[in-house]
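1. This is the structure alone, sequence omitted:
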Ligand SMILES: Nc1nc2c(ncn2[C@@H]2O[C@H](COP(=O)(O)OP(=O)(O)OP(=O)(O)O)[C@@H](O)[C@H]2O)c(=O)[nH]1
Ligand SMILES: [Mg+2]
C-alpha cells in the first residue's frame, strides 16, 4: 500500500535569513520518505524580502518536484492565517502539517513524526510535537522562553480543560478530514491559533497526542515574549468564551 500522503506547510514572515539550509535538508528527507508535498507560505513580508525568498526557493523547486511553488500572501495574516492558507489549498492528502521555518525542529524530527502518524490505526489522531520533556537534553531553549512556555501551557490546559503540556510547538500533523470539519469555525490567525485548533479538534471528537521531540532554539525569533504572551493570553480567553457559546 502506498504511504499516507502529507502536505507540509512552512509559514514564513521575514525568514530569508534562516530558511535556506533547513528547506534544502527538508526537501531531501521528504523525497526519501515519499508521499509528502512541501509548500512555503510567505506571509506578506515586504517586496525586498519576497524577492529574496523567490531567489532561495525557485532553484530548489526546479530540483524538487515535491516542493510546490510558494504561496505569496498579499498581506500579513499572522502565523495561523498563513498555515490555514496553505492547508486550504492543499492537494487532497491524508494529513496536513506545518513546521516553523527556522529549523529549531530539525528535518529529521519532521520525518520521524510523519513516520509515526503513518503507523496510526483508524480513527486518526492529530499529533502535536512537544518540548515538554523538561529534563531532556534534547530540548535547548532560553530559560525565559521555557518558563513562558510552561506558564502558557498551564493556562491553556486549565482554562480549556484539555490535557496538553505544550500547545505552541512549531510542528503539528492533523488528519485532513478532521481539519475540513472544523475549518469554518477557526477565527484566530495569530500565534495562539494552535490553541484554537487544539480545542476545535478536541471538541469535534478528533483525538490528539503529544510527541516529544528534540528542539534547538534558533536565534532571530519573531515572538516578543511579553507583548505576544499578552496577546496570546487574550486569545485563549476569547477561545474559551466562544467555546462555551458553541
Ligand atoms: N505567517 C506568519 N508567520 C510568522 C509570523 N511571525 C512569525 N511567523 C512564523 O512563525 C514561525 C515561528 O516563529 P519564530 O520566529 O520561530 O518564533 P520564535 O520567536 O522563535 O518562538 P519559538 O520558535 O516558539 O521559540 C516561523 O516560521 C515564522 O516565520 C507572522 O506574522 N506571520
Ligand atoms: Mg523559533
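-> Nice, thanks for sending it over. Quantities reported herein were computed from a predicted structural model and do not represent experimental measurements. Numbers count the residues shown, from 1 in each chain. Ligands and ions are numbered 1, 2, ... in the order given.
2. need the contact list for the spatially closest residue to residue 74 that is not a sequence neighbour.
-> Leaving aside its chain neighbours, residue 74 sits nearest to residue 44 (6.3 Å; criterion: C-beta to C-beta, 6 or more residues apart in numbering). Every C-beta, even on glycine, is put in place using the N, C-alpha and C of the backbone. By C-beta atoms under 8 Å, 6 or more residues apart in numbering, the contact list for residue 44 reads 13, 73, 74, 75, 76, 77.
3. hang on, the fifth one packs against residue 41?
-> By that I understand residue 76. No. Under the criterion of C-beta atoms under 8 Å, residue 76 makes no contact with residue 41, lying 11.3 Å away.
4. Verify the contact between residue 77 and residue 86 for me.
-> No. Using C-beta under 8 Å, residue 77 is not in contact with residue 86, being 10.9 Å away.
5. more neighbours, those two?
-> Counted by other C-beta atoms under 10 Å, residue 77 and residue 86 do not tie: residue 86 has more neighbours, with 25 against 19.
6. Residues touching the helix or strand the more buried one falls within, excluding its own?
-> Assigned by DSSP states H and E, residue 86 belongs to helix 79-88. Contacts to helix 79-88, defined as C-beta under 8 Å, 6+ apart, come from residues 7, 9, 11-13, 39, 41-43, 71, 73, 77, 96, 98, 176, 179, 183, 186, 188-194, 196-197.
7. Report the buried members of the residues you listed.
-> The neighbour count (16 or more other C-beta atoms under 10 Å) marks 7, 9, 11-13, 39, 41-43, 71, 73, 77, 96, 98, 176, 179, 186, 188-194, 196-197 as buried among the contacts of helix 79-88.
8. Within reach of ligand 1, which of those residues are there?
-> With C-beta under 6 Å from any ligand atom as the criterion, the buried ones among the contacts of helix 79-88 include 11, 12, 13, 43 near ligand 1.
9. For the last one, give me the backbone phi and psi.
-> Residue 43 adopts backbone torsions of phi -100, psi 60, taken as degrees, to the nearest 10.
10. hey, what's it bridged with?
-> Per DSSP bridges, the residues bridged to residue 43 are residue 73.
11. Would you check that it makes contact with residue 78?
-> Yes. Residue 43 is within contact range of residue 78, at 7.3 Å (criterion: C-beta under 8 Å).
12. can you map out the helices along the protein?
-> 19-33, 47-63, 79-88, 107-118, 143-160, 176-182, 193-203, 225-245 (DSSP state H).
13. Nearest to ligand 2, out of those?
-> Closest approach to ligand 2 among these (C-beta to the ion): helix 143-160, 8.9 Å.
14. Please see if the closest one touches ligand 2.
-> No. Using C-beta under 5 Å from the ion, helix 143-160 stays clear of ligand 2, with a minimum separation of 8.9 Å.
15. Same check on stretch 169-181?
-> No. Stretch 169-181 stays out of contact with ligand 2 when judged by C-beta under 5 Å from the ion, the minimum separation being 6.2 Å.
16. got the end-to-end distance for that stretch?
-> Start-to-end span of stretch 169-181 (C-alpha to C-alpha, to the nearest Å) is 23 Å.
17. who's in contact with it?
-> Residues outside stretch 169-181 that contact it (C-beta under 8 Å, 6+ apart): 6-7, 87, 90, 92-100, 102, 104-105, 109-110, 113-114, 117, 124-131, 194, 197, 201, 204, 206, 213, 215.
18. Tell me which residues touch the residue nearest the centre of the chain, please.
-> Central residue of the chain (C-alpha atoms, centre = their mean): residue 98, 3.5 Å from the mean position. Going by C-beta under 8 Å, 6+ apart, residue 98 touches 8, 9, 10, 11, 83, 86, 87, 170, 171, 172.
19. any low-confidence regions in this structure?
-> The chain contains residues with pLDDT under 70 at 134-136, 244-246.
20. Thank you, goodbye.
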